[in-house]
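Student: Got a sequence here, can you build the structure:
(one chain, ligands or ions: 1)
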Amino acid sequence: MHSIDANGARIPCLGMGTWTLSGEACSDLVAHALSIGYRHVDTAGGYRNEAEVGAGIRASGVARDEVFVTTKIWHTHLQYDDFLRTAEASIERLGIGPVDLLLIHWPNPAVPLAETIAALNAARGNGLTRHIGVSNFPTGLLAQARALSAAPLVADQVEHHPMLDQTKVLAACRAAGMAMVSYCPLFRGGGLFETPAVADAARRHGKTPGQVVLRWQVQQPGVAAIPRTSRKERLAENLDIFDFALSEAEMAAISALQAANRRLCDFAFSPEWDEPA
Ligand code: 1BO
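Tutor: Model prediction:
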């Protein structure tokens, strides 16, 4: 598995997203993912499945230090004490010791960023996490967060797929030595798989459209992707992207689709996003 070196963190460039997974099915799927080679699992307090994700990791038998585990703190818990209490509760629920990466899940303008970044650094200092970062931070907020943080931020996890222009966030992450981690990386069901850029590349390489899109993700320096699925066969399909490469022309044709700039995850509490490049 290829990894990204990001300010001291080694982040496997393909991970398992767990948003919407729950119960025993979640634990089973996490254990299965690790058994077939996944080494990066993403969860969040807001997903309400940390206990199940932790159980799956423990059940897999894969050594803890071989798996890169991320969790995130929901935007309603960003005040200093609340943040630390919430982080401790997440670690407790996971039951696997410190996580590898702790993220602020969404910014919250009602809480001074300096206060939350101080708490994030304290969580690292207290040994709750090895590395820290942010999620859903557009470039302006990312710059502020970096300036406020004593420890380096290692990732910004954002929605990213060929139908959404995240050129500016990716450039900012690269300039800062950070990884950009793509959630909703496949834009599945949104018409992307039927575009000639994706469908033709899939035919040429004997791969599925989903594999082509994931390959497009991880072939970009500094990008990791965390597709989610509830199906075991899809887990295997998503992982099978390291035996082919897209040509420069194929990468460019898929990247050109970003002009559509369609976002799946936009909520009342979302920050003001970057304009397309
Ligand atoms: C609302 C959750 C978005 C991805 O973590």
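
Student: in the helix or strand where Asp81 lies, what counts as buried?
Tutor: Using DSSP states H and E, Asp81 sits in helix 80-94. Residues Tyr80, Phe83, Leu84, Thr86, Ala87, Ser90, Ile91, Arg93, Leu94 are the ones in helix 80-94 that count as buried (16 or more other CB atoms under 10 Å). Glycine gets a C-beta too; all of them are placed from N, C-alpha and C.

Student: do the same with stretch 158-171
Tutor: Neighbour counts over stretch 158-171 (16+ other CB under 10 Å) mark Val158, Glu159, His160, His161, Pro162, Met163, Leu164, Asp165, Gln166, Lys168, Val169, Leu170 as buried.

Student: Would you tell me which one of those comes nearest to the ligand?
Tutor: The ligand has its nearest neighbour among these in Glu159, at 7.4 Å by CB to the nearest ligand atom.

Student: so that closest one touches Val181, yeah?
Tutor: No: here Glu159 does not reach Val181: they are 10.4 Å apart, not a contact under CB atoms under 8 Å.

Student: Enumerate every residue touching the residue most central in space within the chain.
Tutor: Nearest to the geometric centre of the chain sits Val181, at 3.9 Å (CA atoms, centre = their mean). Shown in contact with Val181 (CB atoms under 8 Å, 6 or more residues apart in numbering): 11, 15, 42, 70, 135, 155-158, 223-226.

Student: List the contacts of the helix holding Asp81.
Tutor: By CB under 8 Å, 6+ apart, the list of residues contacting helix 80-94 reads 43, 45, 50-51, 53-54, 57, 69, 71, 73-74, 77, 97-99, 102, 115-116, 118-120, 122-123, 126, 128-129.

Student: what ranges do the strands span in this protein?
Tutor: With strands called from DSSP state E, the chain shows them at 3-6, 9-12, 16-17, 40-42, 68-73, 99-104, 129-135, 153-159, 179-183, 223-225.

Student: In CSV, list the ones you listed along with distance to the ligand and mean pLDDT.
Tutor: Shown next, in CSV, are the strands of the chain (distance: least, CB to the nearest ligand atom, whole Å; pLDDT from 0 to 100):
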stretch, distance to the ligand, mean pLDDT
strand 3-6, 19, 98
strand 9-12, 16, 98
strand 16-17, 8, 98
strand 40-42, 8, 98
strand 68-73, 7, 98
strand 99-104, 9, 99
strand 129-135, 6, 99
strand 153-159, 7, 99
strand 179-183, 5, 98
strand 223-225, 13, 98
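
Student: still on that earlier bit, ok, of the contacts of Val181, which one's closest to Ala145?
Tutor: The shortest approach to Ala145 among the contacts of Val181 belongs to Asp156, at 8.7 Å (CB to CB).

Student: count of residues packed around the closest one?
Tutor: Counted with other CB atoms under 10 Å, the neighbours of Asp156 add up to 29.

Student: Enumerate the residues of the chain near the ligand.
Tutor: Residues of the chain that fall close to the ligand, judged by CB under 6 Å from any ligand atom: Trp19, Ala44, Tyr183, Cys265.

Student: from those, which would you call buried?
Tutor: By neighbour count, with 16+ other CB under 10 Å, these hold Ala44, Tyr183 as buried.

Student: And the residues of the chain next to the ligand, which two are furthest apart?
Tutor: Ala44 and Cys265 (12.6 Å).

Student: and the closest residue to Glu50 other than its chain neighbours, how far is that from Thr86?
Tutor: Closest residue to Glu50 apart from its sequence neighbours, by CB to CB, 6 or more residues apart in numbering: Arg93 at 4.1 Å. Remark: distance between Arg93 and Thr86 (CB to CB, to the nearest Å) = 11 Å.
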